[in-house]
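S.K.: Have a look at this prediction, sequence included:
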Amino acid sequence: MGRLMLINAGELATCSPDTRGKSSAIGVVEDGAMMAEDGKVTWVGTTRELRRKSFGRAEVTVDAEGSLVTPGFVDPHTHLLFAGSREDELERKLKGESYTEILKSGGGIARTVRETRGATSEAIERESLGRLGQLVRNGVTTAEVKTGYGQSLEEELRHLEILRNMKRKVEVELVTTFLGLHSTPPEFARPSEFVKHVIKSVLPAVARLRERPRFSDCFCEEGVFSSAECRRYLEASADLGFALKIHADEFKESGGARLAAEVGCMSADHLGRSSDGGIEEMGRRGVVAVLLPWTSLCSGIPYADARKTMDAGCRVALGTDLSPNSWIESPQLVMGLACNALRMTPEEAILGFTRFAADALGREDIGRLAPGASADFLVHDFGGYRALPYELGGRHVRRVFKKGIEIGRGAV
């Protein structure tokens, strides 16, 4: 990889926890510069300071020409592995049908399960790579990807194999999550029967894989899976060595936030209807809150209370939740919505897609630009960080780097 030198960043937002000497909570360095070697950051400072140092010859020089530079975006919550589409369901929502009503009628997740089961592995991979390519061009350098549209042992193993193949073909990093409880497939009469099957037969098989997922996840929601069912699933997942995530309290308060704290989830996601006590317990236990405002917009449901969540001591991450229900491929649009609807500041929104998103994945080497971190960074079209959630609708990421190597020009 060699040595890389970045110069002339109008603002270099390091998003490092160490903001000493920096002008904001996201660690902005004006006239910023950075050195990296073999894919890792070795030094951060100003361009003027860099000119007084002797780091040796750089094989690659990146001149930001006064533009904003940020860490590569980390998307901590996607469902991008699927086949088909549900664009017609938008009109059903506009006529008043709820997400759960569409699901119970055989649409929603159930429809995507049918379409994904019926697609070839090649088709699923091709469609998923297309979506991933859009994320990369919009600045994502690390993406979490969930399964969950297979809902049988054979199909879930097939989807995990597709993800393993995708990892070998792309330049971005994919973090795999096994979403064992997403909805109950038609082969099972009751959710409780499906939960028993997954715990007994599916989880152990996934755990035995040589390249197994990092995380195990479930959908804790009234009418989908109860908190008691999710507790059994998460405890079984922990016993098998998986790190834990949970979809919690998206439509109704279902005890998901409190459960996340009690079983030690790394993150709890959605949280639009979580109780104050559940959020406070998450804050005490260090659970990262992943908020997904684009999904709230698409589903016509209340937004999570970002300020209450932060005041409770939670780190607040943001995700796209790219899925057939909320098809969004732009972190920048999500940041804009987070500022305008959740009343997050631009700095908070940027941290949500960088350092705190990395925390939701248990990672300290991404989502920040500091010595020892991965040299994942973006050069934007504008000069200051406040434009990120403000100048919306275009593609403003000019250059994308992963481990010091430029990516995203026509391919992932």
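M.R.: Looks like it came in fine.

S.K.: what's the pLDDT at the residue sitting nearest the centre point of the chain?
M.R.: Per C-alpha atoms, centre = their mean, the C-alpha nearest to the average position across the chain is that of residue 76, at 1.7 Å. pLDDT recorded at residue 76 is 98.

S.K.: after the helix or strand that contains residue 349, next one along is what?
M.R.: Applying DSSP states H and E as the criterion places residue 349 in helix 346-352. Proceeding C-terminally, helix 346-352 gives way to helix 355-360 as the next helix or strand, assigned by DSSP H and E.

S.K.: which outside residues touch that following helix?
M.R.: Where contact means C-beta atoms under 8 Å, 6 or more residues apart in numbering, the residues beyond helix 355-360 that reach it are 15-17, 71, 73-77, 142, 144, 266-267, 288, 290, 315-319, 364-368. Every residue, glycine included, has its C-beta placed from N, CA and C.

S.K.: Make a ChimeraX selection of the buried ones in the residues you listed.
M.R.: Only the buried entries of the contacts of helix 355-360 go into this ChimeraX selection, using 16 or more other C-beta atoms under 10 Å:
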select :15,16,71,73,74,75,76,77,142,144,266,267,288,290,315,316,317,318,319,366,367,368
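
S.K.: packing partners for the lowest-mean-pLDDT helix or strand in the chain?
M.R.: Of all the helices and strands that make up the chain, the one with the lowest confidence by mean pLDDT, DSSP states H and E is helix 99-104; it has a mean of 83. Taking 3 or more C-beta pairs under 8 Å, 6 or more residues apart in numbering; DSSP states H and E as contact, the helices and strands that helix 99-104 lies on are helix 89-94, helix 108-117.

S.K.: can you list contacts of the first one?
M.R.: If I follow you right, that is helix 89-94. Counting contacts by C-beta under 8 Å, 6+ apart, the residues outside helix 89-94 that touch it are 99, 102, 107-108, 298-300, 325.

S.K.: quick one on the thing from earlier: of all the residues in the least confident helix or strand of the chain, which ones are buried?
M.R.: By neighbour count on 16+ other C-beta under 10 Å, the buried set for helix 99-104 is 99-100, 102-103.

S.K.: Identify the farthest-apart pair in those.
M.R.: Comparing all pairs in the buried residues of helix 99-104 by C-beta to C-beta, the longest separation belongs to 100 and 102, at 7.3 Å.

S.K.: on that earlier part again, ramachandran coordinates for the residue nearest to the centre of the chain?
M.R.: Dihedral angles of residue 76 (phi, psi; degrees, to the nearest 10) stand at phi -90, psi 10.

S.K.: OK, contacts around it?
M.R.: When contacts are counted by C-beta under 8 Å, 6+ apart, residue 76 is found next to 144, 267, 269, 290, 317, 319, 357-358, 360-361.

S.K.: what's the answer for residue 152, then?
M.R.: When contacts are counted by C-beta under 8 Å, 6+ apart, residue 152 touches 117, 185, 187, 202.

S.K.: so what's the backbone phi/psi at it?
M.R.: For residue 152, the backbone dihedrals (degrees, to the nearest 10) come out as phi -150, psi 160.

S.K.: now do the one 5 residues further on
M.R.: Per-residue torsions, residue 157: phi -70, psi -40 (degrees, to the nearest 10).

S.K.: My guess is residue 15 contacts residue 366. True?
M.R.: No - the pair residue 15 / residue 366 is not scored as a contact, 10.2 Å apart, by C-beta atoms under 8 Å.

S.K.: Spell out which residues are contacts of both of the two.
M.R.: Residues touching both residue 15 and residue 366 (C-beta under 8 Å, 6+ apart) are residue 71.

S.K.: now stretch 80-90: mean pLDDT?
M.R.: Mean predicted confidence for stretch 80-90 is 94.

S.K.: Stretch 171-187 now?
M.R.: Over the span of stretch 171-187, the pLDDT mean works out to 96.

S.K.: Would you indicate which residues of that stretch are buried?
M.R.: If you call a residue buried by 16+ other C-beta under 10 Å, then stretch 171-187 has these buried ones: 172-185.

S.K.: related to what we said a few turns ago, let's have the helices and strands packed on helix 99-104 in JSON lines, adding mean neighbour count.
M.R.: Below are these laid out as JSON lines (neighbours: other C-beta atoms under 10 Å):
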{"stretch": "helix 89-94", "mean neighbour count": "13"}
{"stretch": "helix 108-117", "mean neighbour count": "20"}
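
S.K.: dump the residue contacts of the closest residue to residue 224 other than its chain neighbours.
M.R.: Residue nearest to residue 224 in three dimensions, not counting chain neighbours: residue 183, with 6.1 Å by C-beta to C-beta, 6 or more residues apart in numbering. Going by C-beta under 8 Å, 6+ apart, residue 183 touches 103, 108-110, 113, 151, 219, 224.

S.K.: Quick check: residue 183 vs residue 197, distance?
M.R.: Shown here: residue 183 relative to residue 197, a distance of 14 Å by C-beta to C-beta, to the nearest Å.

S.K.: just residue 37 next, same as before
M.R.: Distance from residue 37 to residue 197, counting by C-beta to C-beta: 50 Å.

S.K.: Spell out the secondary structure type for residue 9.
M.R.: When classified by DSSP: H, G, I helix; E, B strand; the rest coil, residue 9 comes out as strand.

S.K.: about what we covered before: among the contacts of helix 355-360, which are located in strands?
M.R.: Among these, the members falling in strands (DSSP state E) are 71, 73-75, 142, 144, 267, 288, 290, 316-318.
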